[in-house]
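Engineer: Build the 3D model from these lines:
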Amino acid sequence: IGVTGGIHLAPGSRIDVSGQWTHALPARPRTNVATGPILLHGGKVNIAATGDVNFAAGAEIAADAGAWLNSNGKLSEGKGGDISFSATMNSRHPVPELGSRQGSNLSFEGWVQAMGLYQGGTLSLTTHQILIGDSFSQNPVPGGPLAPLVFDPVALTRGGFRSYAPTSDLNGLEVGYDANLRPHAENLVLDQYFQDVATGVPLTALSSAQVLPDGERRPVNLSLTVKHPTDSFNRTGGLKPLKIDAGALIEGDPGASLKLQADSQILIEGTLRAPAGNIQADITIPSFETAFNAPQGIFLGAGARLEARGVVLPTPGGIKLLRDDRVLAGGNIALTAKRGYIVVDDEAVMDVSGAATVVDQSQPDANQPGVKAVALTHASKAGSISLSAVEGMDIQGRLRGEGRGVEGGSLSVSLLTNRSLPGEPFLATYPTAQRVIELRQSPKAGLPSDWVFGAAVPNDRNGVVTLSADQVQSGGFDSLDLHADDQIRFVD
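Structural biologist: Residues are numbered from 1 along each chain as shown. This is a model prediction of the structure:
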């Protein structure tokens, strides 16, 4: 559904694009053998308006998976479908009923789900501003023509989705200080007598929604985005950031992907945790550049914790049956600023260390009949940290990539000007200093003491990365890659 104007999904309305149960086993009691199409996967629902969207309480959208039991008794599991909501506004083509205001409202009070036996669907939400956390509900932003979408962290555990993608297209996205986001999936689990259920019913008619045990369910991915429209240079108030406030926690299941993306600033003062997974923060190239923007970049404050350490998965049958493949390696952390800087406070932490555990396992005793308990260490290698910027970096934090007795991690630092700069007259506003990486034994003093977190980086820091050998060695890394346009200097 796409319109210029508003969309209202009223209480009691329902859109259902779910797959269905298809039964092909012959001669089962109380069943109809399938003769029509096999609807294995959930479909797609896209609610998009250049104007306000109201998804009212009591409205429902379903895009659940289906499943197929073939004539040989093999079960094929479908995927949940894709559901997206978008309330946007382009000031070059205004909607008369919205007046002169910029941006559109998304009210998201209804119920959505896209569950599956193994893999759920995706949920995308786009509006002018998104706030995540209970504090925003308890202390609402003052009223007016524009209202932010206040998102309950608990919503990231409902509906069976495999990924969530909230996007702000104008006024920024913020994860509040009290937000505790632990996205995890609900799966449909078949009932005991599912083979007796006839073809053509929803999969939910022969299953129940459950949260599978740790180590058995698939991870849920989370992508938070701020992307301003092309005509943002016409608006007042400046470009808005993506913020993870101090005290906020975003924690995925093992193997999850947590992605932050903005064309303005990414300010991280809370914790991002993805055991054996991927943490990614990207500053993208804006579509509206008019001049060099000195505050642009990725900033990790004193409370920032980016953790993608290895993890020991729970083992069916108990810890004594642990196998090496249940001890996952450290994951990956990648910060990429295609515009601007990377600044890491000296108290911030990035950690991709491996995991290790000691288990007493029984082995034959060579000295006497019987067995004896032997302590065996199961360990995994560390992951990787990649830092890449076009303007410069100030890396003062603690970097960790210990291999727990096996292979250590890798650290890559790049300062390259492949930044696809705009043409004249805007090009003249961009710095032209050489790109230099300085490797010192001990950390160099950071930004000036009066520098404010997230403010413009001083001009004398342009084109420079400072990194210390002490940081690399104490972090336990086995590999270091340095890439600069002009020079790599080893400084006493």
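Engineer: which stretches of the stretch 151-300 of the chain have low pLDDT?
Structural biologist: 231-237 (pLDDT under 70).
Engineer: The same query, at a cut-off of 50, please.
Structural biologist: Along the stretch 151-300 of the chain, the model assigns pLDDT under 50 to residues 233-236.
Engineer: could you list every residue that touches the spatially closest residue to A379 that is not a sequence neighbour?
Structural biologist: Closest residue in space to A379, ignoring its immediate chain neighbours: A356 at 4.0 Å, by CB to CB, 6 or more residues apart in numbering. For the C-beta atoms, the positions are set from N, CA and C on the backbone; glycine is no exception. By CB atoms under 8 Å, 6 or more residues apart in numbering, the contact list for A356 reads V327, T377, H378, A379, S380, R404, G405.
Engineer: do you know how far H128 is from V112?
Structural biologist: 20 Å (CB to CB, to the nearest Å).
Engineer: about what we covered before: quick one: which of the contacts of A356 has the most company?
Structural biologist: With neighbours taken as other CB atoms under 10 Å, the top of the contacts of A356 is S380, carrying 27 neighbours.
Engineer: G330 is in contact with that residue, correct?
Structural biologist: Yes - with contact defined as CB atoms under 8 Å, S380 reaches G330; the gap is 7.1 Å.
Engineer: residues bridging contact with those two, i.e. touching both?
Structural biologist: G310, G354, A355.
Engineer: Could you pull up phi and psi at the nearest residue to the last one once chain neighbours are set aside?
Structural biologist: Using CB to CB, 6+ apart and skipping residues adjacent in sequence, the residue nearest A355 is G310, 3.3 Å away. Dihedral angles of G310 (phi, psi; degrees, to the nearest 10) stand at phi -60, psi 170.
Engineer: ok so, going back, reformat the shared contacts of S380 and G330 as JSON lines; add neighbour count.
Structural biologist: Shown next, in JSON lines, are these (neighbours: other CB atoms under 10 Å):
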{"residue": "G310", "neighbour count": "26"}
{"residue": "G354", "neighbour count": "27"}
{"residue": "A355", "neighbour count": "23"}
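Engineer: Which of those scores worst on pLDDT?
Structural biologist: The pLDDT minimum for the shared contacts of S380 and G330 sits at A355, where the score is 92.
Engineer: Surely that residue touches V311?
Structural biologist: Yes - with contact defined as CB under 8 Å, A355 reaches V311; the gap is 5.4 Å.
Engineer: shared neighbours, these two?
Structural biologist: A276, V327, L328.
Engineer: Just those: which are in strands?
Structural biologist: V327, L328 (DSSP state E).
Engineer: between the shared contacts of A355 and V311, which is closest to D365?
Structural biologist: Nearest to D365 among these, counting by CB to CB, is V327 at 26.2 Å.
Engineer: For beta bridges, what are the partners of the closest one?
Structural biologist: With DSSP bridges as the criterion, V327 is bridged to V312.
Engineer: what's the pLDDT at it?
Structural biologist: pLDDT, V327: 87.
Engineer: before we move on, the earlier item: surely the residue nearest to A355 and G255 touch.
Structural biologist: No - between G310 and G255 there is no contact under CB under 8 Å: 11.1 Å.
Engineer: Where does I488 sit, in terms of helix or strand?
Structural biologist: Applying DSSP states H and E as the criterion places I488 in strand 487-491.
Engineer: That strand packs against which elements?
Structural biologist: If you count contacts as 3 or more CB pairs under 8 Å, 6 or more residues apart in numbering; DSSP states H and E, strand 487-491 packs onto strand 436-440.
Engineer: got the angle between the following helix or strand past the strand it packs on and strand 436-440?
Structural biologist: Counting by DSSP H and E, the element after strand 436-440 in chain order, helix or strand, is strand 464-468. When axes from the mean of the first three to the mean of the last three CA atoms, to 10 degrees is applied, the directions of strand 464-468 and strand 436-440 differ by 20 degrees.
Engineer: For strand 464-468, which strands pair with it and how are they oriented?
Structural biologist: For strand 464-468, pairing defined by DSSP bridges yields strand 392-395 (parallel), strand 436-440 (parallel).
Engineer: Out of these, flag the one nearest V457.
Structural biologist: Closest of the strands paired with strand 464-468 to V457 is strand 392-395, at 6.8 Å (criterion: CB to CB).
Engineer: What are the buried residues along the helix or strand following that closest one?
Structural biologist: The first helix or strand that comes after strand 392-395 along the chain, using DSSP H and E, is strand 398-400. Buried positions in strand 398-400, judged by neighbour count with 16 or more other CB atoms under 10 Å: L399, R400.
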